[in-house]
Every structure is written in structure tokens, then in C-alpha cells.
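J.: Sequence below, structure please.
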Amino acid sequence: MGSGTGAEILICGAGIAGIVLAHGLARGGLRPTVIERSPSLRRGGNAVDLRGPAVDIVAGMGVLDELQTHSTELAEFHRIDTAGNRIVTMAPEVIGGDIEVLRTELNAVLFSAAQDGIAYRFGDSIAALNDTGNHVEVTFESGLRHDFALVVGADGLHSHTRALMFGPEPDFVHHLGCYQAHFTTENLLGLCHSGMLLNQPGRTVGCYSVHQNQEIVVGLFFDSPPVAYDRTDLAAQQRWVTEVFSDMGWRTSELLVAMDRADDFYFDSIAQVVIPEPHRGRVALVGDAAYSPSLLSGMGATLAIVGAAVLADELTTTPHDHWRAFRDYRARITDMVALSHQLARVSRGWFIQSNSEQHDAESSDSADKQSDALRQQVLNAARAACEPRSSE
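T.: Numbering: from 1, shown residues only. Below is the predicted model of the structure:
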């Protein structure tokens with residue numbers, strides 16, 4: 001990287017991948033700066049699962065015990081009909097990972113642990129990048145300019161870094177034919193360490209208890225082709241969700257009223273990112289910006305953590321050779337990413353039924369077994385990714 005150890009690296013995005021990467025780089029003697037467009041850590045979204053090697057990585061950051069105190073502790077999950085009757089009871093391991101925690105709380109815990117040797121700048125973003133071959137000239141929206149040895153985009157599904165250096169979003173983001181909304185509200189359903197799913201053709205309402213059963217997280221999923229919408233207009237997004245679910249039945253109308261009052265409403269498409277090489281010159285991508293499998297896989301947070309740890313390992317192991325570091329980073333994560341994408345596609349029908357058939361116990365059990373087998377393959381690939389590659 002020219003200047004060797006101590007080189008400055010810009011990380012775009014203070015989410016899961018960005019924070020884990022910054023922690024690993026700082027621990028390895030490099031100087032990461034994390035820039036985040038939002039004025040503070042982002043809030044909202046669903047619970048995320050940490051599985052296998054991701055748990056080992058956060059343990060290495062010294063935050064495992066604290067994360068366990070934030071666990072959703074879900075003991076059971078049920079499919080219900082419009083009268084609220086249980087149709088199928090699902091095994092807890094199908095729903096949650098080794099640890100399941102709200103994304104907002106995971107970010108906060110990781111951020112608290114990743115402070116030493118890391119500079120954070122909130123409320124700013126990249127306006128332009130110029131890879132000179134020897135360094136990357138960065139111009140920020142604030143008007144500041146600075147040169148960095150490397151730049152890493154950890155800025156999510158709609159990565160601005162990716163758009164600047166790799167090309168427009170449609171070239172890499174593949175819509176999976178559905179959208180999602182999430183929010184937190186009071187536990188008006190009286191759930192106790194449990195969750196429910198109401199499926200109808202083309203749409204699903206899910207909810208589960210959090211914060212010692214004081215609140216519930218509500219997720220709404222529905223089929224739709226890609227639709228252009230204003231990602232900053234939350235009121236318009238809520239109107240769209242209300243229109244889709246207004247006649248869903250059960251207690252959906254109550255949940256829609258609660259949605260309008262929620263202060264952590266989150267809405268987005270359900271999509272995957274496919275990019276052959278998550279690096280170009282002195283710029284690389286990590287996490288959802290590089291290989292989002294979508295929430296359908298249940299592996300997004302695990303991939304983000306493992307991928308960030310692998311990239312940090314490569315950059316700190318070969319600090320003078322970013323080409324080799326990026327190449328080996330890609331090679332180590334390739335199988336894990338491909339299998340996670342496959343898992344998401346297999347699991348789509350688990351979230352949203354595409355026909356009028358109900359999920360009876362036999363069909364649900366068969367689908368669970370198929371997903372579980374593929375999930376184990378993903379975890380095996382993730383563990384292999386965490387093994388350092390042999391020196392050449």
C-alpha cells in the first residue's frame with residue numbers, strides 16, 4: 001500500500017461490516033477512518049442472526065457476553081391462520097442463530113468496542129473518488145479532501161462507493177421480487193419469547209417479542225416487481241404498505257396503526273448483490289455492498305462479520321501488497337457468498353407463499369430440512385474462510 005503499516009484506510013459506512021473491519025485494521029496497526037452519512041448510528045431493521053464463526057469473531061472483540069444480554073431469546077415460532085390459530089410450530093434453530101439480536105443493538109455494541117485507533121466522522125459522505133494508482137483522492141460532501149491508501153465501501157445494499165467505482169446499482173443489485181418493512185412497537189399481542197407468521201399468497205406478516213417481552217418487532221413482506229420510489233419519503237412507504245396489507249385480516253389493522261407511530265420504521269427491497277470481483281484498483285467492497293444475500297438467507301450479518309474479518313486479516317497480513325490482499329479476500333469468501341445466495345433463493349417461499357397452498361406440518365418440515373442442510377454448508381464455507389490461506 002505504499003506507506004506500509006500505519007497506512008490510512010477510509011471505510012464508508014458505520015454498519016456491521018464497517019465497524020468489524022475498522023476494529024480488525026486498527027488492531028493490526030493500520031489507521032482506519034469510518035465515515036457515515038447519517039448523523040449517528042443508524043436505527044431500525046429486523047433482528048439478525050449470528051452463527052458459527054461470526055460468534056467467534058465478536059467474542060474476539062470482547063463483546064460476546066454483552067450481546068448475549070441483548071438476545072431476543074425466542075423459544076418458539078408459529079404459523080397462524082387469520083383467526084390466530086396455530087398451524088405449524090417451527091424449531092427455534094430455524095428462526096434464530098447461535099445469537100439473535102436486533103440490528104440496532106448489535107451495531108451499538110460493536111461500535112462501543114471499536115474505538116481505539118479508529119476515527120469516526122458522522123454526517124458526511126463521499127462526493128468523488130480518484131484512484132491515482134498510488135493512493136485514492138477523496139472529496140467529501142462537506143468539501144473536505146484527503147488522500148487515503150485504500151478505500152473500502154461498507155455502505156450497504158445501495159452502496160454509493162460501489163456506484164462511484166464499479167457502476168450503476170442495477171448492474172449488481174438483483175431484485176428478488178419482494179419488499180420488506182420493519183418496525184418496533186409495544187407488545188399489543190402479548191407474545192412471550194415467541195413469534196408468529198401469517199402467510200397469504202404474496203404477502204406475510206411476522207412478529208416476535210423483544211426486550212423481555214415489552215415490545216414486538218413487526219415485519220411485513222410482500223411480492224412486487226421493482227418499483228421506483230423515494231427512499232427518503234417514509235410516509236409514502238407506509239401508505240404503500242398499508243394499501244398492500246389493509247385487508248390481510250387477523251390483527252393486521254392494529255399493527256398498521258402502530259406502524260404509523262413507530263420511530264424506527266425501515267423499508268427496502270429484498271435483493272441480492274452479485275459482483276464478480278469486489279475490488280477495483282485501491283477500492284474494495286465488503287458486507288451487503290459486495291455480496292448481500294438478502295434477509296431471506298438469515299446469513300447477512302454472519303457474512304458481513306466474517307467477510308470484514310477476512311478482509312482485515314488479508315490487509316494486515318500483507319500491508320505492502322493490497323492487490324494480493326484483495327485477491328485472497330475474494331478467494332476466501334467466494335464459496336460462502338455463493339451458498340448464501342442459494343440459501344436465500346431456496347428460503348423465499350418460507351417467507352412469502354407464491355400460491356394458495358397452506359404450510360402444513362409435513363411441507364414445512366421438508367422445507368426446513370432443505371434450508372437447514374444448505375445453511376450448514378454456508379457455515380462450513382464460512383469456517384473455511386476464517387482459516388488463513390497458506391503463504392505462497
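J.: from here on, contacts and neighbour counts on C-alpha atoms
T.: Noted.
J.: Which residue comes closest to Asp116 once chain neighbours are left out?
T.: Among residues not flanking Asp116 along the chain, Ala26 sits closest, at 7.3 Å (CA to CA, 6 or more residues apart in numbering).
J.: Next, count neighbours for that neighbour.
T.: Residues near Ala26, counting by other CA atoms under 10 Å, number 22.
J.: What of Gly84?
T.: Gly84, neighbours per other CA under 10 Å, totals 15.
J.: that older thread, tell me which other helices or strands the particular helix or strand that has the residue nearest to Asp116 in it touches.
T.: Element membership of Ala26, judged by DSSP states H and E, is helix 16-27. Under the contact definition 3 or more CA pairs under 8 Å, 6 or more residues apart in numbering; DSSP states H and E, helix 16-27 sits against strand 8-12, strand 31-36, helix 103-113, helix 300-317.
J.: how about CSV for those, with distance to Gly281, mean pLDDT and mean neighbour count added?
T.: Shown next, in CSV, are the helices and strands packed on helix 16-27 (distance: least, CA to CA, whole Å; pLDDT from 0 to 100; neighbours: other CA atoms under 10 Å):
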stretch, distance to Gly281, mean pLDDT, mean neighbour count
strand 8-12, 14, 98, 25
strand 31-36, 18, 98, 23
helix 103-113, 28, 96, 18
helix 300-317, 14, 97, 25
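J.: For Asp247, which of these is the nearest?
T.: helix 103-113 (29.7 Å; CA to CA).
J.: quick one, strands of the stretch 151-300 of the chain?
T.: 173-186, 194-200, 203-210, 215-223, 266-273, 279-280, 283-285 (DSSP state E, counting those that start in this stretch).
J.: got it, and the stretch 1-150 of the chain?
T.: Using DSSP E, counting those that start in this stretch, strands in the stretch 1-150 of the chain cover 8-12, 31-36, 47-50, 76-80, 86-90, 99-102, 119-122, 126-131, 136-140, 145-148, 150-153.
J.: Of the ones you listed, which shows the lowest average pLDDT?
T.: Comparing mean pLDDT over those, the weakest stretch is strand 86-90, at a mean of 84.
J.: And the pLDDT for Ser364?
T.: 55.
J.: number of nearby residues for Phe148?
T.: Applying other CA under 10 Å, I find that Phe148 has 21 neighbouring residues.
J.: wait, what's in contact with it?
T.: Counting by CA atoms under 8 Å, 6 or more residues apart in numbering, Phe148 touches Ala7, Glu8, Ile9, Leu10, His135, Val136, Glu137, Val138.
J.: mind running it again at 10 Å?
T.: 1, 7-10, 31-33, 131, 134-138, 282 (CA atoms under 10 Å, 6 or more residues apart in numbering).
J.: Just list the residues touching Ala258, thanks.
T.: Listed by CA under 10 Å, 6+ apart, the contact partners of Ala258 are Phe183, Thr184, Thr185, Glu186, Leu188, Val218, Thr252.
J.: circling back: would you list the strands of the stretch 151-300 of the chain in a markdown table and tack on mean pLDDT, mean neighbour count and distance to Gln376?
T.: Formatted as a markdown table, the strands of the stretch 151-300 of the chain follow (pLDDT from 0 to 100; neighbours: other CA atoms under 10 Å; distance: least, CA to CA, whole Å):
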| stretch | mean pLDDT | mean neighbour count | distance to Gln376 |
| --- | --- | --- | --- |
| strand 173-186 | 96 | 20 | 23 |
| strand 194-200 | 92 | 23 | 24 |
| strand 203-210 | 94 | 24 | 24 |
| strand 215-223 | 96 | 23 | 25 |
| strand 266-273 | 96 | 22 | 20 |
| strand 279-280 | 98 | 18 | 28 |
| strand 283-285 | 98 | 27 | 25 |
